[in-house]
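>>> coords please:
(chains A and B)
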Number of protein chains: 2
Amino acid sequence: MKETRRTRRIIVIGANAAGVEAASAARKKDRTAEITLISQEKNVGYSRCGLPFVIGGQIPSFKDLIVYLPAYFRMLKLNLKTETKVTSINTKEKTVTVFDKEGATESLPYDSLVIATGADAFLPPIKGREKQGVLSLRTLEDGERILEAVQNGAKSAVIMGAGLIGLETGVALIERGLKAPIVEMLPQILPAMLDADMAKMVQEHLQEMGMQVLTGKAVEEFLGDDKVTAIMAGGEKVEASLFISAFGVRANTKLAVDAGITLGETRSIKTNARMETAIKDVYAVGDCAEAPNMITHKVTCAQLGTIAVRQGKVAGTNAGGGYSLFPGILASAVARLFEIEAGVTGLTQAAAQRAGIEVVTGAISSKTKADYYPNTLPIKVKLVVEKESQRIIGAQIVGGEEVTQRINALSFAIQKGMTVRELAKADTAYSPPLNETWEPMVLAAEMILMKLR
Amino acid sequence: MKETRRTRRIIVIGANAAGVEAASAARKKDRTAEITLISQEKNVGYSRCGLPFVIGGQIPSFKDLIVYLPAYFRMLKLNLKTETKVTSINTKEKTVTVFDKEGATESLPYDSLVIATGADAFLPPIKGREKQGVLSLRTLEDGERILEAVQNGAKSAVIMGAGLIGLETGVALIERGLKAPIVEMLPQILPAMLDADMAKMVQEHLQEMGMQVLTGKAVEEFLGDDKVTAIMAGGEKVEASLFISAFGVRANTKLAVDAGITLGETRSIKTNARMETAIKDVYAVGDCAEAPNMITHKVTCAQLGTIAVRQGKVAGTNAGGGYSLFPGILASAVARLFEIEAGVTGLTQAAAQRAGIEVVTGAISSKTKADYYPNTLPIKVKLVVEKESQRIIGAQIVGGEEVTQRINALSFAIQKGMTVRELAKADTAYSPPLNETWEPMVLAAEMILMKLR
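Okay, here's the model as predicted:
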């Protein structure tokens, strides 16, 4: 008598970028599996990266950010449980315990589990942080709260933290007519993304567009009675009607830790190349998981949407009985702030130095179109080259347009071990309305060759 | 007694993209050399690729296209002879004979010679081709002639040949309010650049924008008495006030052939990796020279500005006593036609088949921004992958924006031997106003992987 193979049960905790991608990839591998997505949130399958653009008014409604609608989950036969909290994971019995919106508790068995619990906005231990009125921008509801305040007539907002989210939110609020000074503890904006020289270009543009940028000023205290009415930053009192915390995010690892799943050096969940945790059949992906940087081989937690979907796809494929490896992180990222675009891939000069890698760098300022073509915009390319191998290991670009795909081009170059000599002779495309004859990336490589001679 | 080293004498024939680049590179290698550029043209150092955009009105004047002004030649101490014809090269005595604008003949000695004689517009042996009034767009004067005709009230122009120059000229004339039907012998536009499926997208856009495209129609006769007033194409009579010949260009090799310099399979000047011809110390670069394609290793004459400057730089470095190799041609190219951009790098599917390379191809239609972001534009990426190695050997992209740097990204990928599997997992950059979460190039790679499984 032939035994029927039991249906595979896959549970995914989290239903945004990483979670939905994992569930979708699992479905592609196993057409009969019982796949359940569990989310604490009411809204799932939405684009977090889009939140600032609803606040800024480019996108009409937060609902527009919902990329995966109920029809998607139905089509792929994904069982979706929203407003449901996973209270524990039992890796021995292979079950998760959930507490749903009706107040019911249930234990769900799994064959494969994918943890995509993401990260939460982090508020440092600043004096007065228990007071009301400090908003962050992480969830759709966070976005709605900020937009509501704007629509209720808020005149100013102080942004705490000049990372990508802080800057994008500040830009959005200025576009809505608010004053939005930004306070950053470190001496430069975008400290995790750009070297100081490149960040300066961005900062100058932000200031020209009306953003007050206060670098080198730590937030020391939240002032006000029950509700925050001002902050002290670098000894200066800054009043505002809104207070946006953009200090960064921290991986949500409590569930994993309670279940005995090992964290790594970055205090996020440790994974192998299959995105599997230290416990068999349990995967972790996205903002709560760590993986190695392609260049340093050191673990990192990039907390980028693009990394989340890539890891989700790998884990989902494996959870569905397939085989897939995650190749590591370069953390290519890009942002548009007012009329400037800034991008990075691989290591900054500062990050390379922290990793003990000896580098030669070169930067070139050029144009995005032929010099004689109307509306040509400035662009600056900085390359970071490892001295011994002469391989490109990082790039930063700031310019008026056409930054994103140059970052992708240099990301491909880095991933394939292109040397600066090869880049200096690379075959590139040109037409007067679209590029300069000598591509700026190639000119930046030339600059470095002159230093290496 | 110490002998003084004699000053190196370098002669460059031609003073546009390839020639000026060669002279400049030679100067960088040898600060004391006597470097002479000789050009038949009155205007030198201008951007040929910019000509259609003066006709179209984007650029105010043809003079704006002169990228290298007299001050540049003075600064680099380059001796420039314009309106001077080289009548012969004597490779044994190492001299060139010139005939200048005052009617004087002179013999100039060289240690190194760079031939950058370019190419001329080609008019096939069509009945009636001796008649007046067929214009081409190759030199600055050609451009001035066409613009003058437009300004004198020409109402229509028939463009013969739907290559890049033909299409760019047609678009420019339509932008000036003329009717500009385009006649192409082959069944598709851009036959040397794109596969039929991708060319179709471009053709549809051109037609939407008001260009009449007549493919599969050879020009059979120029009609009219002394002056052409109509053409017969595919049995159809097409009348117009202007007739633009854009059949292509042919390498100017007469000087080289007369001097006994060997031509290659493409009937342009044969070169080695240093861009040196069969005769020592004589180099050939740009539109008159051939070099190997990086993938097929077969010689080709790409006749692109970007290839011309790269070859010019290599030859100039060598002519100046340095050492530099030209790595070969991928022929990355891009164009903007009305509101669409089209680009290519490496082999098209058709070119791969002609070269006997077995390929798997895949194409994906996507968007240039997040789907929910306003003004996102369509983009289509087609990849050509060599079946055995699974390496990417060609790419074509047609889209509303952000095409050029994707072509460069795929050019880098091809040059470094990236496989379609690697591309499917590549680390790319994303932000809602700038790209989709899953980069279209990566999705195209996914498409091919599904075919390979």
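>>> residues in contact with the spatially closest residue to residue A:307 that is not a sequence neighbour?
Counting by C-beta to C-beta, 6 or more residues apart in numbering or on different chains, residue A:307 lies nearest to residue A:329, which is 5.9 Å off, once chain neighbours are set aside. (Each C-beta comes from the backbone N, C-alpha and C, glycine too.) Contacts for residue A:329 (C-beta atoms under 8 Å, 6 or more residues apart in numbering or on different chains) come out as A:291-294, A:300, A:302, A:307, B:427.
>>> Please report how far residue A:329 lies from residue B:426.
12 Å (C-beta to C-beta, to the nearest Å).
>>> Then residue A:355?
The gap separating residue A:355 from residue B:426 is 22 Å, by C-beta to C-beta.
>>> Show the pLDDT at the residue nearest the centre of chain A.
Chain A has residue A:304 as the residue nearest its centroid, 2.4 Å off, counting by C-alpha atoms, centre = their mean. On the pLDDT scale, residue A:304 is placed at 95.
>>> okay but it is in contact with residue A:330, surely?
No. Counting by C-beta atoms under 8 Å, residue A:304 stays clear of residue A:330, with 10.2 Å between them.
>>> quick one, strands of the stretch 51-200 of chain A?
A:78-81, A:85-90, A:95-99, A:105-109, A:112-115, A:119-121, A:134-136, A:157-160, A:182-183 (DSSP state E, counting those that start in this stretch).
>>> Please parse chain A into its domains.
Following automatic domain parsing, one finds the domains of chain A at A:9-49+A:58-119+A:250-319, A:123-247, A:339-452.
>>> Mean confidence (pLDDT) on the shortest one, please.
I take that to be domain A:339-452. Mean pLDDT, domain A:339-452: 97.
>>> can you list the residues of the stretch 251-400 of chain A near chain B?
For the stretch 251-400 of chain A, the residues found near chain B under the criterion C-beta under 8 Å from any C-beta of the partner chain are A:294, A:304-307, A:309-310, A:326-336, A:341, A:343, A:345, A:370-374.
>>> Confirm residue A:310 sits in a helix?
Yes. With DSSP: H, G, I helix; E, B strand; the rest coil as the criterion, residue A:310 is located in a helix.
>>> That one contacts residue B:425, doesn't it?
Yes. Applying C-beta under 8 Å, one finds residue A:310 in contact with residue B:425, separated by 6.9 Å.
>>> what touches both of those two?
Residues touching both residue A:310 and residue B:425 (C-beta under 8 Å, 6+ apart): residue A:326.
>>> show me where the stretch 201-350 of chain A has strands.
For the stretch 201-350 of chain A, the strands defined by DSSP E, counting those that start in this stretch cover A:213-214, A:219-223, A:230-233, A:236-239, A:242-245, A:249-251, A:282-284, A:291-292, A:299-300, A:333-337, A:340-346.
>>> Redo the ones you listed as CSV? Include distance to residue B:33.
Listed next are the strands of the stretch 201-350 of chain A as CSV, based on distance: least, C-beta to C-beta, whole Å:
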stretch, distance to residue B:33
strand A:213-214, 51
strand A:219-223, 62
strand A:230-233, 61
strand A:236-239, 61
strand A:242-245, 62
strand A:249-251, 60
strand A:282-284, 64
strand A:291-292, 51
strand A:299-300, 51
strand A:333-337, 44
strand A:340-346, 40
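>>> I'd like these laid out as a markdown table, including mean neighbour count.
Below are the strands of the stretch 201-350 of chain A laid out as a markdown table (neighbours: other C-beta atoms under 10 Å in any protein chain shown):
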| stretch | mean neighbour count |
| --- | --- |
| strand A:213-214 | 18 |
| strand A:219-223 | 20 |
| strand A:230-233 | 20 |
| strand A:236-239 | 13 |
| strand A:242-245 | 24 |
| strand A:249-251 | 20 |
| strand A:282-284 | 29 |
| strand A:291-292 | 22 |
| strand A:299-300 | 20 |
| strand A:333-337 | 25 |
| strand A:340-346 | 27 |
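>>> wait, which of the ones you listed is closest to residue B:438?
Residue B:438 lies closest to strand A:333-337 among the strands of the stretch 201-350 of chain A, at 14.6 Å (C-beta to C-beta).
>>> now the angle from the closest one to strand A:340-346?
170 degrees (axes from the mean of the first three to the mean of the last three C-alpha atoms, to 10 degrees).
>>> Export only the CA atoms of strand A:333-337, formatted as PDB.
The C-alpha trace of strand A:333-337 is given here as PDB (Å, rounded to 0.1, in the frame of the first residue of the first chain):
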ATOM      1  CA  ALA A 333      20.900  51.800  -1.600                       C
ATOM      2  CA  VAL A 334      19.700  55.000  -3.200                       C
ATOM      3  CA  ALA A 335      17.400  57.900  -2.200                       C
ATOM      4  CA  ARG A 336      15.900  60.900  -3.800                       C
ATOM      5  CA  LEU A 337      15.900  64.000  -1.600                       C
END
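>>> Residue A:117 versus residue A:299, what's the distance?
Applying C-beta to C-beta, the value for residue A:299 to residue A:117 is 18 Å.
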